[in-house]
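Asks: Provided below for reference: sequence and predicted model.
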Amino acid sequence: MNNRRVKATWAITVLVLVAAATARTDGLTDMELLGKFLFYQGISTPGSMACAVCHGPSVGFTGPDAEINKHGSVYRGAVPERFGNRKPPSSAYATFSPVLHYDPKKGFVGGNFWDGRATGQHLGNPAADQAQGPFLNPVEQNNPDEKAVLEKIKASSYGPLWQKVWGEPLNLDTQPAIDLNYDRVGRAIAAYEASSEMSPFSSKYDYYLRGLVQLSPQEQQGLALFNGKGRCASCHTSAPGPEGEPPLFTDFTYANLGIPKNPENPYYRMDRVNINGKPINPEGAHWVDLGLADFLRTCDDPARRDKAQESRGKHKVPTLRNVDKRPSPDFPKAYMHNGVFKSLEEVVHFYNTRDVPGAGWPAPEMPQNVNTAEAGNLQLTSQEEGAIIAFLKTLSDGYTP
Ligand code: HEC
Ligand code: HEC
């Protein structure tokens, strides 16, 4: 896309987003409403790029652009020639992830991002930490600093709401005030992400768990396979928690599934785009996504750095809620950290046959640490693959019985 088209697309996107943001406000607390505004408001340099440009409600708060999903699956930043390296996961249900920690049995658990680097250590919630990132990330919203973000918020029409939520007007006079208020931005966005609007637990499966509807025989068979022969539930938790909490379809652990590279990932070209004289991706086409290891090797704690080798290629287990949510049945979505798969059929067939000789899957992006215990040769028939997909389709929010 050329810059003019990018701008035009944004202008339209922003209009649609503002309409969406002003339409449904019922049932939200003032804090959630403030978070909603910060999520949909274009706060970027240049332009007016909002979180929702990469996390759209019509697709379950992941990437809403059909063309991008069909190809590289990575969304361009506010500076249009800049691209990050991964596909946007859903921002819904992200607030339920625990603070990143190490469990002797499960390995690393929790955090936000595919590699867990929004740990939750700063604000006590990974999604609140996460929400402070994109505004300042040079390949995303690219604002120069926290103060610039807060100035844009101060200049918006949401001043009175800010004051109502935090009990004082937005003050940027001193660095401590800036730090405090930038933390409040993270907290408000996380509150919206956890709200009944972004994380409503309103799928057909939720109604089923509450005993309000029945699954079709095919969906029921898919659920049994998901929990049994398909082994999906060993990572994508499908049963309610001890207090009856609805399942999140992730146990927040990390695994390397041997996902192939997505050759169309625009990050491979980011050796030619510089920020402050340095290429965004010095390794160019040879870059390999190390996932969790990318984060661990930057940690101060030597106990974490020591675990980097065994974590190469591992990515956080994503929620499967809304995995099939799309504005129309033929609307393309992309799956996995690099968006290499384009349909649920492809995903389930990969789990089923990755290690079957002659199945023809490309080599893994990172051949170390591939999980062969729970995936790769599941011996599912094509009818059984279809049943699992039918079950996955019951996880879209907004079901009306
Ligand atoms: C240019 C596209 C883009 C924009 C703008 C953007 N994101 Fe993201 N988001 C991503 C990508 C890509 C990832 C995954 C990055 C990674 O894992 O390294 C991500 C990850 C996340 C996650 C982690 C989910 C999880 O389960 O780990 C949350 C939550 C999130 N974004 C919320 C936001 C919020 C809030 C904003 C605005 C302040 C925002 N995003 C702006 C692309 C974007
Ligand atoms: C060993 C743990 C594990 C098991 C077992 C497992 N998954 Fe996953 N799943 C993951 C991880 C980790 C990812 C992300 C991998 C990546 O992007 O590199 C993922 C990604 C996915 C995605 C893509 C979601 C998205 O938003 O991109 C779908 C769909 C999915 N799994 C469905 C299933 C189904 C269906 C099964 C059973 C047949 C299954 N999974 C079994 C760990 C697991």
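Replies: Okay, I see it. Quick caveat, the model's predicted, so the values are computed rather than measured. Ligands and ions are numbered 1, 2, ... in the order given.

Asks: what does this structure put close to ligand 1?
Replies: 39, 49, 51, 53-55, 75, 77, 84, 86, 88-89, 91, 94, 112-115, 127, 130-131, 134-135, 140-141, 189, 316 (Cβ under 6 Å from any ligand atom). Every C-beta, even on glycine, is put in place using the N, C-alpha and C of the backbone.

Asks: and those, which of them are in helices?
Replies: 39, 127, 130-131, 189 (DSSP state H).

Asks: Phi and psi next, for Pro260.
Replies: With angles defined as degrees, to the nearest 10, Pro260 sits at phi -70, psi 160.

Asks: start at 59 instead
Replies: In the new numbering, first residue 59, that becomes Pro318.

Asks: residues contacting Tyr151?
Replies: By Cβ atoms under 8 Å, 6 or more residues apart in numbering, Tyr151 lies in contact with 257, 306, 377, 379.

Asks: Spell out which helix or strand contains the first one, please.
Replies: Using DSSP states H and E, Ser257 sits in no helix or strand.

Asks: Confirm that Ala313 sits in a strand.
Replies: Yes - counting by DSSP: H, G, I helix; E, B strand; the rest coil, Ala313 is located in a strand.

Asks: Tell me which residues touch the residue positioned nearest the centre of the chain, please.
Replies: With distances taken as Cα atoms, centre = their mean, the residue of the chain nearest its centroid is Pro147 (2.1 Å). If you count contacts by Cβ under 8 Å, 6+ apart, Pro147 has them with 120, 171-172, 374, 376, 395.

Asks: do the same with Ser102
Replies: Shown in contact with Ser102 (Cβ under 8 Å, 6+ apart): 108, 136, 193, 198-201.

Asks: Repeat that for Gly169.
Replies: Taking Cβ under 8 Å, 6+ apart as the definition, contacts of Gly169 comprise 155, 157-158, 175-178, 184, 310, 374.

Asks: Ranking by neighbours, what's the top pick from those residues?
Replies: For the contacts of Gly169, the largest neighbour count, defined by other Cβ atoms under 10 Å, is 28 neighbours, found at Pro184.

Asks: does that one really touch Ser149, like I thought?
Replies: No - using Cβ atoms under 8 Å, Pro184 makes no contact with Ser149, being 11.7 Å away.

Asks: where's the spatially closest residue to Phe97 that is not a sequence neighbour relative to Lys372, distance?
Replies: The shortest distance from Phe97 to any non-neighbouring residue, by Cβ to Cβ, 6 or more residues apart in numbering, is to Cys109 (4.7 Å). Cys109 sits 26 Å away from Lys372, going by Cβ to Cβ, to the nearest Å.

Asks: Also Leu350?
Replies: 4 Å.

Asks: What's the local residue count around Gly118?
Replies: 26.

Asks: residues from the stretch 359-459 of the chain in reach of ligand 2?
Replies: 373, 375-376, 378, 381, 393-395, 402, 405-406, 409, 429, 432-433, 446.

Asks: can you check the chain too?
Replies: Residues of the chain lying close to ligand 2 by Cβ under 6 Å from any ligand atom are 147, 288-290, 292-294, 313, 315, 317, 373, 375-376, 378, 381, 393-395, 402, 405-406, 409, 429, 432-433, 446.

Asks: Enumerate every residue touching Met107.
Replies: Contacts for Met107 were tallied using Cβ under 8 Å, 6+ apart; they are 68, 100-101, 135-136, 198-199.

Asks: how about a cut-off of 6 Å?
Replies: Met107 sits next to 100, 136, 199 when contact means Cβ atoms under 6 Å, 6 or more residues apart in numbering.

Asks: what do you get for Lys212?
Replies: Lys212 touches Leu228, counting by Cβ under 6 Å, 6+ apart.

Asks: So Tyr133 sits against Ala110, correct?
Replies: No - counting by Cβ atoms under 6 Å, Tyr133 does not reach Ala110; the two are 11.3 Å apart.

Asks: what's the distance between the nearest residue to Ala108 once chain neighbours are set aside and Ser149?
Replies: Spatial nearest neighbour of Ala108, chain neighbours left out: Gly100 (4.8 Å); criterion: Cβ to Cβ, 6+ apart. Taking Cβ to Cβ as the measure, Gly100 falls 16 Å from Ser149.

Asks: So those two - more neighbours on which side?
Replies: Ser149 (28 against 20).

Asks: Show the model's pLDDT score for that one.
Replies: On pLDDT, Ser149 comes in at 98.

Asks: List the residues that contact it.
Replies: So Ser149 contacts 113, 119, 251 (Cβ under 6 Å, 6+ apart).

Asks: The last one and Ala186 touch, don't they?
Replies: No - using Cβ under 6 Å as the test, Glu251 is too far from Ala186 to be in contact (8.9 Å).

Asks: more neighbours, these two?
Replies: Glu251 (30 against 26).

Asks: that older thread, just the buried members of the ones in helices among the residues of the chain next to ligand 1?
Replies: Neighbour-count burial (16 or more other Cβ atoms under 10 Å) is assigned, among those, to 97, 185, 188-189, 247.

Asks: Columns pLDDT on top of those, output as JSON lines?
Replies: As requested, those are exported to JSON lines (pLDDT from 0 to 100):
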{"residue": "Phe97", "pLDDT": "98"}
{"residue": "Ala185", "pLDDT": "97"}
{"residue": "Gln188", "pLDDT": "97"}
{"residue": "Ala189", "pLDDT": "97"}
{"residue": "Ile247", "pLDDT": "98"}
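
Asks: which one of those residues is nearest Pro337?
Replies: Gln188 (25.4 Å; Cβ to Cβ).

Asks: which residues touch that closest one?
Replies: 170, 176 are the contacts of Gln188 under Cβ under 6 Å, 6+ apart.

Asks: Fine, thanks again, bye for now.
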